[in-house]
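**Student:** this one's structure only:
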């Protein structure tokens with residue numbers, strides 16, 4: 001009950017800015033969809049599938065980052081862990097059967113949990129800030145990815161690739177989107193509604209108060225990083241599904257973009273507040289932006305400028321709302 005008490009106490013003082021950011025992301029995503037339909041009137045099932053395929057690894061990275069940030073940390077090794085899982089799956093599955101590939105995917109996801117837990121354990125033992133430790137381990141995992149696969153290559157059975165690339169239920173409901181929903185529903189939602197999930201939020205909200213209420217913030221931090229590692233591994237395997245190869249240097253994009261998705265998605269960088277829906281929608285939005293620019297015959301590299309502008313606007317709006325609340 002201690003963790004629940006902390007959340008209720010802090011929940012009563014939740015800032016208006018947080019609620020504004022949380023509600024703003026679905027509206028922003030809806031506005032971007034409407035803008036896309038206006039720009040590209042022939043936007044159809046193929047485009048929806050392309051969007052889901054492109055966004056799947058980033059959505060996994062954003063979910064991983066969100067869970068860590070909720071617990072009060074930050075993980076700059078997200079992209080490198082995705083790269084390790086990507087090259088491992090592409091290397092091991094290249095000559096494997098479909099069943100063997102499924103077994104290898106489960107094994108790689110387990111290794112991802114170990115990678116994430118190592119990050120958490122190092123942070124606890126060293127007492128060095130998360131940003132420093134994960135930046136360091138990010139270099140380590142990135143080196144491991146290059147040792148596994150020096151250059152882009154590898155592959156996977158066509159049946160395995162079809163899991164992510166197909167649209168078995170409906171042309172407008174691609175398998176990639178279903179994989180994302182299933183991963184979040186199976187891995188995160190049961191923990192989110194359990195005592196373990198409450199301990200993550202309590203530790204991120206106030207680690208001292210959480211400790212006094214019977215929650216061990218150290219175990220909560222390790223759990224958060226372990227869960228983050230699982231989602232990174234799922235992201236790496238899904239990257240193999242969507243591209244058909246392993247790319248050891250692909251991870252850099254996902255680290256920075258996952259942080260961007262968390263900020264735009266309404267998760268408080270101070271910890272203890274937010275969820276994974278906002279960052280997932282933000283990941284879809286960040287994937288949709290370059291597509292819209294291509295439809296407009298604009299250099300898609302301007303997408304980074306827009307991404308940075310969105311972050312600044314979100315932070316400014318949140319700060320302004322907090323200022324207004326403080327004056328009231």
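**Tutor:** Nice, thanks for sending it over. If you're wondering where the values come from, they're calculated on a predicted model, not measured in any experiment. Numbering: from 1, shown residues only.
**Student:** Which stretches in the stretch 1-150 of the chain count as helices?
**Tutor:** 2-12, 16-39, 45-70, 78-92, 98-126, 130-148 (DSSP state H, counting those that start in this stretch).
**Student:** Including mean pLDDT, mean neighbour count and distance to residue 169, could these go into JSON lines?
**Tutor:** For every residue, glycine as well, the C-beta is placed using N, CA and C. Formatted as JSON lines, the entries for those read as follows, by pLDDT from 0 to 100; neighbours: other C-beta atoms under 10 Å; distance: least, C-beta to C-beta, whole Å:
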{"stretch": "helix 2-12", "mean pLDDT": "50", "mean neighbour count": "15", "distance to residue 169": "37"}
{"stretch": "helix 16-39", "mean pLDDT": "74", "mean neighbour count": "16", "distance to residue 169": "20"}
{"stretch": "helix 45-70", "mean pLDDT": "93", "mean neighbour count": "26", "distance to residue 169": "12"}
{"stretch": "helix 78-92", "mean pLDDT": "96", "mean neighbour count": "29", "distance to residue 169": "24"}
{"stretch": "helix 98-126", "mean pLDDT": "95", "mean neighbour count": "19", "distance to residue 169": "20"}
{"stretch": "helix 130-148", "mean pLDDT": "95", "mean neighbour count": "18", "distance to residue 169": "34"}
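**Student:** The ones you listed: which one's closest to residue 262?
**Tutor:** In terms of C-beta to C-beta, the element of those nearest to residue 262 is helix 45-70, at 5.0 Å.
**Student:** Run through the neighbouring helices and strands of the closest one.
**Tutor:** Judged by 3 or more C-beta pairs under 8 Å, 6 or more residues apart in numbering; DSSP states H and E, helix 45-70 is in contact with helix 78-92, helix 158-165, helix 175-183, helix 195-205, helix 217-243, helix 251-264, helix 277-295.
**Student:** Out of these, indicate the one that is most buried.
**Tutor:** With neighbours defined by mean count of other C-beta atoms under 10 Å, none of these is more surrounded on average than helix 78-92, at a mean of 29.
**Student:** and the nearest residue to residue 175 once chain neighbours are set aside, how many neighbours does it have?
**Tutor:** Leaving aside its chain neighbours, residue 175 sits nearest to residue 166 (4.7 Å; criterion: C-beta to C-beta, 6 or more residues apart in numbering). Other residues within reach of residue 166 by the criterion other C-beta atoms under 10 Å amount to 14.
**Student:** picking up where we left off before, export the helices and strands packed on helix 45-70 to a markdown table and tack on distance to residue 32?
**Tutor:** Formatted as a markdown table, the entries for those read as follows, by distance: least, C-beta to C-beta, whole Å:
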| stretch | distance to residue 32 |
| --- | --- |
| helix 78-92 | 24 |
| helix 158-165 | 23 |
| helix 175-183 | 16 |
| helix 195-205 | 29 |
| helix 217-243 | 21 |
| helix 251-264 | 11 |
| helix 277-295 | 5 |
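**Student:** Can you convert the helices of the stretch 1-150 of the chain into TSV and add a column each for distance to residue 273?
**Tutor:** Below are the helices of the stretch 1-150 of the chain laid out as TSV (distance: least, C-beta to C-beta, whole Å):
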stretch	distance to residue 273
helix 2-12	8
helix 16-39	5
helix 45-70	7
helix 78-92	20
helix 98-126	20
helix 130-148	17
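**Student:** so which of those helices gets nearest residue 229?
**Tutor:** By C-beta to C-beta (comparing all of the helices of the stretch 1-150 of the chain), the closest turns out to be helix 98-126, at 2.1 Å.
**Student:** And that closest one, how far out from the chain middle?
**Tutor:** The gap between where helix 98-126 is centred and where its chain is centred comes out at 16 Å by C-alpha atoms, centre = their mean, to the nearest Å.
**Student:** With stretch 176-195 instead?
**Tutor:** On the basis of C-alpha atoms, centre = their mean, stretch 176-195 sits 12 Å off its chain's mean C-alpha point.
**Student:** any residues touching it, and which ones?
**Tutor:** The contact list for stretch 176-195, computed with C-beta atoms under 8 Å, 6 or more residues apart in numbering, reads 3, 49, 52-53, 55-56, 59-60, 63, 67, 163-165, 169, 197, 200, 227, 230-231, 234, 238, 241-242, 275-276, 280.
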